[in-house]
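**Student:** Generate coordinates for the sequence data below:
(one chain, ligands or ions: 2)
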Amino acid sequence: MNTEFTVIDPNEIDADIILRAGDIIKDGGLVAFPTETVYGLGGDALQAESSKKIYAAKGRPSDNPLIVHIADMEHLPHICREVPETMKVLAENFWPGPLTMIVEKSDAVPYETTGGLDTVAIRMPDHAVALEFIKASGGYIAAPSANASGRPSPTLASHVREDLDGRIEMILDGGEVGIGVESTIVDLTVDPPMILRPGYITREMLERVLGQVDADTTMMSGTDKKAPKAPGMKYRHYAPHGEMTIVEGAAEDVIKTINEEVSKAVSEGHRTGVLCTDETVAMIRADVVKNAGSRADEHEIARNIYRILREFDDEGVDVIFSESFSADGFGQAVMNRLLKAAGYKVKKI
Ligand code: TXA
Ligand code: MG
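**Tutor:** Ligands and ions are numbered 1, 2, ... in the order given. Take a look at the predicted model:
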């Protein structure tokens with residue numbers, strides 16, 4: 001299949017391109033598109049065959065449900081068995097935005113989209129291209145992150161091309177995403193609501209409008225025996241090819257330990273990579289040193305981590321060390337993704 005790669009300016013959206021993308025979806029095809037979190041791989045959420053194609057294109061296990069993206073609140077009742085009060089409150093506060101809500105599905109949503117579950121994950125993204133594209137497609141876009149299964153999520157259209165060229169009909173290149181990690185997922189079928197995946201919308205932000213909100217205890221732990229409640233969270237996601245270790249401790253100790261570990265790995269014949277920050281970059285020695293930004297700006301770090309993990313792959317790095325970050329607030333989402341990339345391998349010093 002020939003994949004059409006098209007640049008689209010979010011500030012001046014070309015209506016013809018959007019129309020073409022929408023037609024591809026209505027015909028059962030797949031289009032990758034930018035959102036404010038990461039690029040998504042879109043298909044018609046209400047066509048079982050489209051969802052099957054999404055799984056095939058990504059090489060993703062089909063028990064891992066997809067998120068349905070909408071652009072209009074009026075479309076909610078068609079895909080939900082009922083629209084809970086909590087959903088209305090959260091939508092009012094956080095949509096469009098990086099929040100996915102899980103509710104009971106209606107019969108209109110095929111089990112192929114929900115991985116066999118009776119619940120459906122829904123979000124309204126905060127990105128002009130995504131919203132126009134969803135509207136032109138009939139209103140319901142099933143979209144996982146547009147990476148090949150197991151690879152870091154795409155924050156640039158070129159990442160999507162690396163993974164999916166020749167496997168989908170079209171890639172809409174709307175530039176670099178704003179946030180860089182996937183949406184927060186909150187399950188509204190339980191009381192109190194429960195966060196299944198941390199993201200930009202933090203527990204504190206949800207609690208301010210909902211009262212008590214719980215968090216899935218498996219989120220930040222590689223040893224919890226329970227299965228995570230979001231099926232996708234059990235996979236070793238977000239992973240670079242290299243073996244990654246997070247080094248945690250006081251700043252000077254972390255720098256010293258990373259440099260020692262790098263020397264050891266180099267002497268064993270490995271090609272090494274380090275994910276560090278503005279504050280440490282001048283003191284780190286490794287084959288490939290990547291600066292994720294200032295420790296004081298977790299938004300900058302979030303925007304850069306997936307790109308850096310991919311660059312380690314591009315540069316043939318097989319041993320990776322990363323600094324650790326605070327897991328407070330939005331930092332929890334950043335650490336959750338890094339922990340997964342490292343297969344929960346942490347060296348505490
Ligand atoms: O920011 C995002 O959410 C991006 C952009 C493209 O919108 N999408 C995304 O989709 O991250 P994906 O497929 O990579 O991750 C969806 C996660 C998976 O962990 C999946 O298991 C979980 O959502 N999920 C979806 N439906 C669910 C359901 N009904 N119950 C529990 N977990 C669900
Ligand atoms: Mg994903």
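**Student:** Can you get me a residue count around D216?
**Tutor:** When neighbours are counted by other C-beta atoms under 10 Å, D216 registers 21. The C-beta positions use only the backbone N, C-alpha and C, and glycine is treated the same way.
**Student:** Tell me the pLDDT of it.
**Tutor:** We have a pLDDT of 91 for D216.
**Student:** Now for it: which residues touch it?
**Tutor:** 194-197, 228-230, 233 (C-beta atoms under 8 Å, 6 or more residues apart in numbering).
**Student:** let's go with 7 Å and repeat that
**Tutor:** By C-beta atoms under 7 Å, 6 or more residues apart in numbering, D216 lies in contact with 194-196, 228-229.
**Student:** who in the stretch 151-300 of the chain is up against ligand 1?
**Tutor:** Neighbours of ligand 1 within the stretch 151-300 of the chain, by C-beta under 6 Å from any ligand atom: 182-183, 185, 196, 229-233.
**Student:** tell me which of the residues you listed is nearest to G222?
**Tutor:** Checking those against G222 with C-beta to C-beta, the nearest one is M233 at 11.4 Å.
**Student:** Next up, phi/psi of the nearest residue to the closest one once chain neighbours are set aside, please.
**Tutor:** Distance criterion C-beta to C-beta, 6 or more residues apart in numbering; nearest residue to M233, sequence neighbours excluded, is R197 at 6.1 Å. R197 adopts backbone torsions of phi -150, psi 120, taken as degrees, to the nearest 10.
**Student:** and the residue of this protein nearest ligand 1?
**Tutor:** Per C-beta to the nearest ligand atom, G232 is where the chain lies closest to ligand 1, at 2.2 Å.
**Student:** Does that residue touch S62 like I think?
**Tutor:** No - using C-beta atoms under 7 Å, G232 makes no contact with S62, being 11.7 Å away.
**Student:** who's more crowded, those two?
**Tutor:** Using other C-beta under 10 Å as the criterion, G232 and S62 rank with G232 on top: 23 against 15.
**Student:** coming back round to it: let me know the closest of the contacts of D216 to E261.
**Tutor:** For the contacts of D216, the nearest to E261 is P228 (29.6 Å; C-beta to C-beta).
**Student:** Surely A121 is within a helix?
**Tutor:** No - applying DSSP: H, G, I helix; E, B strand; the rest coil, one finds A121 to be strand, outside a helix.
**Student:** Skip the chain neighbours and tell me the closest residue to it.
**Tutor:** Residue nearest to A121 in three dimensions, not counting chain neighbours: I67, with 4.5 Å by C-beta to C-beta, 6+ apart.
**Student:** Do you know the pLDDT at the one you found?
**Tutor:** 98.
**Student:** separation between it and E323?
**Tutor:** For I67, the distance to E323 equals 30 Å [C-beta to C-beta, to the nearest Å].
**Student:** G175 now?
**Tutor:** For G175, the distance to E323 - C-beta to C-beta - is 27 Å.
**Student:** ok, those two, which is more surrounded?
**Tutor:** Higher neighbour count among G175 and E323: E323, with 23 against 14, using other C-beta under 10 Å.
**Student:** follow-up on the earlier one: what about the residue nearest to M233, neighbour count?
**Tutor:** Residues near R197, counting by other C-beta under 10 Å, number 24.
**Student:** Just the CA atoms of the helix or strand hosting L19, as PDB, please.
**Tutor:** In this assignment (DSSP states H and E), L19 forms part of helix 15-26. Only the C-alpha atoms of helix 15-26 are listed here, as PDB (Å, rounded to 0.1, in the frame of the first residue of the first chain):
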ATOM      1  CA  ALA A  15     -10.300  21.700   4.000                       C
ATOM      2  CA  ASP A  16      -9.600  19.500   0.900                       C
ATOM      3  CA  ILE A  17      -7.000  17.400   2.800                       C
ATOM      4  CA  ILE A  18      -9.500  16.900   5.700                       C
ATOM      5  CA  LEU A  19     -12.200  15.900   3.300                       C
ATOM      6  CA  ARG A  20      -9.900  13.300   1.700                       C
ATOM      7  CA  ALA A  21      -8.900  11.900   5.100                       C
ATOM      8  CA  GLY A  22     -12.500  11.700   6.200                       C
ATOM      9  CA  ASP A  23     -13.400   9.800   3.000                       C
ATOM     10  CA  ILE A  24     -10.600   7.300   3.600                       C
ATOM     11  CA  ILE A  25     -12.100   6.600   7.100                       C
ATOM     12  CA  LYS A  26     -15.700   6.300   5.800                       C
END
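**Student:** nearest residue to the spatially most central residue of the chain other than its sequence neighbours?
**Tutor:** Taking C-alpha atoms, centre = their mean, the centroid of the chain lies closest to E182, which sits 2.9 Å from it. In space, and not counting its chain neighbours, E182 is closest to T37: 5.2 Å by C-beta to C-beta, 6+ apart.
**Student:** Tell me which of the residues of the stretch 151-300 of the chain next to ligand 1 has the lowest pLDDT.
**Tutor:** M233 (71).
**Student:** tell me the contacts of that one?
**Tutor:** Per C-beta under 7 Å, 6+ apart, neighbours of M233: 196-197, 218.
**Student:** between those, which is nearest E300?
**Tutor:** R197 (21.1 Å).
**Student:** Quick check: bridge partners of the closest one?
**Tutor:** R197 has these beta-bridge partners by DSSP bridges: I185.
**Student:** Okay, helices next: where are they in the chain?
**Tutor:** Under the criterion DSSP state H, the chain contains helices at 15-26, 48-58, 76-79, 85-94, 128-136, 157-164, 203-210, 251-267, 298-314, 331-341.
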